[in-house]
Every structure is written in C-alpha cells, then in structure tokens.
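1. I'd like to go over a predicted model; first the sequence, then the structure.
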Amino acid sequence: MTVLTGARDALIVVDVQRDFCPGGSLGVPGGDEIIPVINRLVPMFGRWVYTRDWHPPNHVSFSAEPEYRDGSWPPHAVQGTPGAEWCEGLDMPMNAILVSKADDPNREEYSGFQVARFDLADFLRRRRVERLFVAGLTTDYCVRQTVLDARAAGFTVYLLEDAVRGVASDTTAQALVDMDAAGAQRIRSERIADSGERPAPAYDEDGDPIDHPHG
Ligand code: VGL
Ligand code: ZN
C-alpha cells in the first residue's frame, strides 16, 4: 500500500548533524545512510521542519566518562562547532522551519516539541498540518521523543523506518515498541509517493496575505 503526500503533511527531519553521523563524537552506525533517503523524500512535501541539537558547552547531558545512554553523553552538537553542523549532502528547502533545541545548559530536550519558547505543535496546527512523517537521528532518543510528542499532540505520525538510525540495538528495539504503542505507523520510504497536492500559498502575487477562512 502506498501513502500519498499532500497539503496537510509535513516532513520532520531530526538532528541530522555531523556529531550523530559516523566520525562524529556520538556517531551512530549507518547514520549517514539516511541522507539520500531523506533527500529523495524532501521534494514530496510542501512543509518541512528540521530540528537540531544545539547544546552549550556545559550541557547537563555531557559527561567526561560517558555511558552512551540517556543522561550520560560525550559532548556533542555544541553550538558553533563543526559537530553541530548539518551533515554534508543533506538537502534543505530554503523555507524549511529550523528548530534548535536543548540550548539551556540545565535542560534536556530530545524533541522539538519540548522547546519552551516555541510551540511547534501549535505552529503546525495553525497551518492545518495533520500528518507528520519523521526521519533522522537517533531512533532511540530524539526520533523516539519527537514521535511520542507528536502523537500526544494529536498528529497522525508515520515513522520512516529506513530513514532513521539508533545509538544501540536494545534501546532502538524498545523505542520501536514505544512508538508502535503510541500509535505511530512504521512505513518504508519506497511506499511514499507524491499526490502533487500542496498547501495553499499564504501570500498572493503582490505579497499581500491571503485570508484562508479554513486554512
Ligand atoms: C540525541 C543523544 C543525545 C539525538 C541527542 O539526537 O537523538 N541523542 N542528544
Ligand atoms: Zn544531545
């Protein structure tokens, strides 16, 4: 069965940053393999959200002797460092929404929906987004939390299972169980196709806002 993308959909790309790809300080196996998969999906959408981990150097999750599990990570995705940059070759439309997260030294934010100063769920709902297609890194932490928060906020959620990679196999398996239980639907990217339908433009050709009574 094929799922057709359309006007009420958004692609969420989670933390595809150099530190989470092989060679990075928290590189996950095969992290770079998802980039061509994401790039093939990007043109099938009309709305995109890219989240990034954007830590201060003294972030609460950093440890000198990291255990590579929740709460104990090596320094990664530090603001302004090469490791925080987007992975090379990752396509990004110029009107994508960028959500930086976990920039407070004392707060962990695995998901863009947890950011205090920006209500991502409200932002998407106001634009009549109903379905979210989630890709990125890492399956067991930031992708998992993004999917759970999106479901709790009432969105239909598709987890793009060949466009995600995890830190460790046991936590990744558990994350899939958790996301299934929350009602996310797992789908392989080759089952996604484009209906060609796109959200209505918000501005007319003169740059004046268009009043959409229902969207
Ligand atoms: C992440 C561990 C620590 C992620 C972020 O992007 O999944 N994982 N910080
Ligand atoms: Zn982090």
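-> Sure thing, it's come through. Ligands and ions are numbered 1, 2, ... in the order given.
2. now residue 169: how far from ligand 1?
-> With the distance defined as C-beta to the nearest ligand atom, to the nearest Å, residue 169 ends up 15 Å from ligand 1. C-beta here means a position set from N, CA and C on the backbone, and glycine is covered the same way.
3. ok, for residue 59, nearest residue in space, not its chain neighbours?
-> Distances taken as C-beta to C-beta, 6 or more residues apart in numbering put residue 105 closest to residue 59, at 5.6 Å, once the chain neighbours are dropped.
4. ok, then the element right after the strand or helix carrying residue 134?
-> Element membership of residue 134 [criterion: DSSP states H and E] is strand 131-137. As assigned by DSSP H and E, the chain's next helix or strand after strand 131-137 is helix 144-152.
5. Can you point out the buried residues in that following helix?
-> 144, 145, 146, 147, 148, 149, 150, 151 (16 or more other C-beta atoms under 10 Å).
6. from the middle of its chain, how far away would the lengthiest strand in the chain be?
-> Longest strand in the chain by number of residues, with DSSP state E as the criterion: strand 156-165. Here the centre of strand 156-165 is set off from its chain's centre by 10 Å, with C-alpha atoms, centre = their mean, to the nearest Å.
7. For whichever helix or strand comes after it, the averaged confidence score.
-> Going down the chain from strand 156-165, the next helix or strand is helix 169-181, by DSSP H and E. Mean pLDDT, computed over helix 169-181, is 98.
8. Report all helices and strands that helix 169-181 contacts.
-> helix 144-152, strand 185-187 (3 or more C-beta pairs under 8 Å, 6 or more residues apart in numbering; DSSP states H and E).
9. so residue 109 touches residue 101, yeah?
-> Yes. Look at residue 109 against residue 101 with C-beta atoms under 8 Å: they come within range, at 4.2 Å.
10. what touches both of those two?
-> Between them, residue 109 and residue 101 share these contacting residues under C-beta atoms under 8 Å, 6 or more residues apart in numbering: residue 115.
11. What residues of the longest strand of the chain count as buried?
-> 156, 157, 158, 159, 160, 161, 163, 164, 165.
12. Each with direction, which strands does it pair with?
-> strand 131-137 (parallel), strand 185-187 (parallel) (DSSP bridges).
13. right, is the first one up against ligand 1?
-> The reference is to strand 131-137. Yes. Remark: strand 131-137 sits within contact range of ligand 1 at residue 137, by C-beta under 6 Å from any ligand atom.
14. Poorly predicted segments of the chain, please.
-> Counting by pLDDT under 70, the chain has low-confidence residues at 212-215.
15. Now do the strands in it.
-> Using DSSP E, strands in the chain cover 3-5, 9-14, 48-53, 97-101, 131-137, 156-165, 185-187, 192-194.
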